[in-house]
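Q: build the 3D model from these lines:
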Amino acid sequence: MISVEEALDKILGFIEVLEMEERPLLDSLGQVLAEDVYAPFDVPPQDNSAMDGYAVKVSSIVGASYEQPKILRVVGEIAAGCVSDSKVEPGTAVRIMTGAFVPRGADAVIPFEDTDEVDRKRTLVSGAEIGIRVCLPRGSNIRQRGEDIAKGELVMKQGKLLRPAEIGVLASLGKGRVSVIRRPVVGILATGNEVLEIDHPLLPGKIYNSNSYSLAAQVLRYGGVPKLLGIAPDDVEQLAIAVRHSLNCDMLVTSGGVSLGDYDVVKQVLADEGHVSFWTVSMKPGKPLAFGMFKRGDGKKVPHLGLPGNPVSSMITCEVFARPAIFKMMGRNNLAKPNITAVMEDSVKNRDGRRIFARVIVSRRDGKYFARLTGHQGSGILTSMTKANGLAVIPEGTKEVKPGAVVEVMAFDWDEV
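A: Residues are numbered from 1 along each chain as shown. Okay, here's the model as predicted:
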C-alpha cells in the first residue's frame, strides 16, 4: 500500500501533455493556449471617449463652473462606430458618445452631467451651443490609443489557461479561432454483474449505474471529454474484450472490480493485458485503487485508472487522481486545487492509519472557515457528496481530530464556500 503522494506521482509520471488543435474561440474556454499571441494592432486603435459628453479643448473651458459655465459652439456630433471629420477648435465642442473616436483638436471629454444640456432641452434653447460647467485636466475621459494593448505586444504566452477574460481579449484582437492543447477523451467503463443501465427497469439484486454518470460529470467539469463505454460483467474474458474495445481514448477509467473479492477482476485483466503500477493506496475512502496501462494495437499506451466501486470512493479518488491527470494532459501548469484551513466542528477518528478524506460542509463566520461533517461517512452514501462543498484531509498519523482542531480542506466549489 502506497501513500497518496506516491500514487499521484506515479500517475502523473506516466501522463503526457496532449497535442494541439485549432478551436473556435468560444469553444476553447478552459483550454490551454498552445502558441504565443501577439497584437496585430493597437487596442484601442484610436483615442476614444470613455463617456457620453462633449469633446473640447481644455484651454477653452479654463475657469468653468456651475455659476459661470463656459459657452462653446457645437460643431458636430459623433456616435460610436461612426467616422467624422469634425475638428475641435478653440471655443468649439463636439457632442460625442462612449466609444466614439475623439475628434482632432480635442484633449478632454466633459460628461453630459457636467454641462447644461438637460436645461437647454427643457427650455428649448438652441443646441448650437453648450455650457460647460467644470474644467477637467487634459486627457480626462479619453481612452488613449494602445492604452490596453500596443501593436506588436506579446499579449498571451503559450501555456495560458483561457478563462472568460482571456476569451474577451482574444476577441478584441479579432481572433475567431485559437490554437490550444486539446481536451483529453476519457473512457468510462463500469464493471459488475449487479450494475444496470439507468434506462432499464430496476430488477431484484441490481443497482443503477450511478458511477459512470458521476465520473463523466467530473471529467466534463475538469475540462475533459467523457466517453461512456457501458458496463462489463465480472468475468475476466468478457472484461478483457470490453477493455480492448475501449482503448480509443486518452485515458481509461473503470469503476469497481479492484478490491479483494472473488469477482473483482479488473486487476487481473490489467495484469494480463497491460501493466500494473500499483493497486492499493493509504486513503479512506479509496484504498482499492489500481493504476497501470494498456497497449493498443497501434502501440500507443493508454493509462488506466481503476477506481473503487463504492460511489463515494469512486468520486473522491477521481477528484484526487483523475483530475490532476486530466489537467496535465490539457497542459495546465497548476494541477492542485487551492486548499483552505478550517476549524472542525465535529470529531473524526482515524482507526486504521490511512489518510481520511471526510465530506464536510464549509461555512465562513467571523472571518474564519468552519467545517462540519455531512453526516454518516459510509462510502455508499452518495447523497453525502451532494451536501459537501469540501473534503477535510485528516493525515495518516493523526488518530483523532477533535472539535476546534484546524484542518486542511479541499474545496469542491469555491462559489459555495
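Q: point out where this protein drops to low pLDDT.
A: 260-264, 413-417 (pLDDT under 70).
Q: which strand in it has the most residues?
A: strand 355-365 (DSSP state E).
Q: may I have that one as PDB, with CA atoms only?
A: C-alpha atoms of strand 355-365 as PDB (Å, rounded to 0.1, in the frame of the first residue of the first chain):
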ATOM      1  CA  ARG A 355      -5.400   9.400   5.200                       C
ATOM      2  CA  ILE A 356      -9.000  10.300   5.600                       C
ATOM      3  CA  PHE A 357     -11.000  12.500   3.200                       C
ATOM      4  CA  ALA A 358     -14.000  13.500   5.200                       C
ATOM      5  CA  ARG A 359     -17.000  15.000   3.400                       C
ATOM      6  CA  VAL A 360     -17.700  18.400   5.100                       C
ATOM      7  CA  ILE A 361     -19.900  21.400   4.800                       C
ATOM      8  CA  VAL A 362     -17.700  24.600   5.000                       C
ATOM      9  CA  SER A 363     -19.100  27.900   6.100                       C
ATOM     10  CA  ARG A 364     -17.500  31.200   6.900                       C
ATOM     11  CA  ARG A 365     -18.100  33.100  10.100                       C
END
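Q: distance from the chain centre to that strand, please.
A: 22 Å (Cα atoms, centre = their mean, to the nearest Å).
Q: partners of that strand in the sheet?
A: strand 283-284 (parallel), strand 368-373 (antiparallel), strand 390-394 (antiparallel) (DSSP bridges).
Q: need those in CSV with distance to G404, can you?
A: To be clear about C-beta, it is placed using only N, CA and C from the backbone, and glycine gets the same treatment. As requested, the strands paired with strand 355-365 are arranged in CSV below (distance: least, Cβ to Cβ, whole Å):
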stretch, distance to G404
strand 283-284, 22
strand 368-373, 10
strand 390-394, 14
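Q: nearest to F14, out of these?
A: Closest approach to F14 among the strands paired with strand 355-365 (Cβ to Cβ): strand 283-284, 19.4 Å.
Q: give me the contacts around the very next helix or strand once past that closest one.
A: Counting by DSSP states H and E, the next helix or strand C-terminal to strand 283-284 is strand 288-295. Residues from elsewhere that reach strand 288-295 (Cβ atoms under 8 Å, 6 or more residues apart in numbering): 7, 10-11, 14, 243, 247, 252, 258-260, 264, 266-267, 270-271, 273-281, 283, 301-308, 313, 317, 321.
Q: neighbouring strands for strand 288-295, and are they parallel or not?
A: Using DSSP bridges, the strands paired with strand 288-295 are strand 274-280 (antiparallel), strand 301-307 (antiparallel).
Q: could you give me the buried positions within the first one?
A: Applying a neighbour-count criterion of 16 or more other Cβ atoms under 10 Å, one finds 274, 276-277, 279-280 buried in strand 274-280.
Q: can you list contacts of it?
A: Residues contacting strand 274-280 (Cβ under 8 Å, 6+ apart): 1-2, 6-7, 10-11, 14, 258, 267, 270, 287-295, 304, 306.
Q: mind redoing it with 10 Å?
A: Residues outside strand 274-280 that contact it (Cβ atoms under 10 Å, 6 or more residues apart in numbering): 1-2, 6-7, 10-11, 13-14, 243, 247, 252, 258-260, 266-268, 270-271, 286-295, 301-304, 306.
Q: identify each buried residue in stretch 335-349, please.
A: Neighbour counts over stretch 335-349 (16+ other Cβ under 10 Å) mark 340, 342, 344, 348 as buried.
Q: and the furthest pair within these?
A: I340 and V348 (16.9 Å).
Q: longest helix of the chain, counting residues only.
A: Assignment by DSSP state H gives helix 210-222 as the longest helix of the chain.
Q: got the angle between it and strand 301-307?
A: Comparing the axes of helix 210-222 and strand 301-307 via axes from the mean of the first three to the mean of the last three Cα atoms, to 10 degrees yields an angle of 120 degrees.
Q: could you name the helices and strands sitting against helix 210-222?
A: Helix 210-222 sits against strand 185-191, strand 195-196, strand 225-232, strand 251-255, strand 301-307, helix 311-317, helix 323-329, with contacts defined as 3 or more Cβ pairs under 10 Å, 6 or more residues apart in numbering; DSSP states H and E.
Q: which residues touch D346?
A: 358, 360, 371-375, 392, 401-403.
Q: my read is it is in a strand, agree?
A: No: according to DSSP: H, G, I helix; E, B strand; the rest coil, D346 belongs to no strand; its state is coil.
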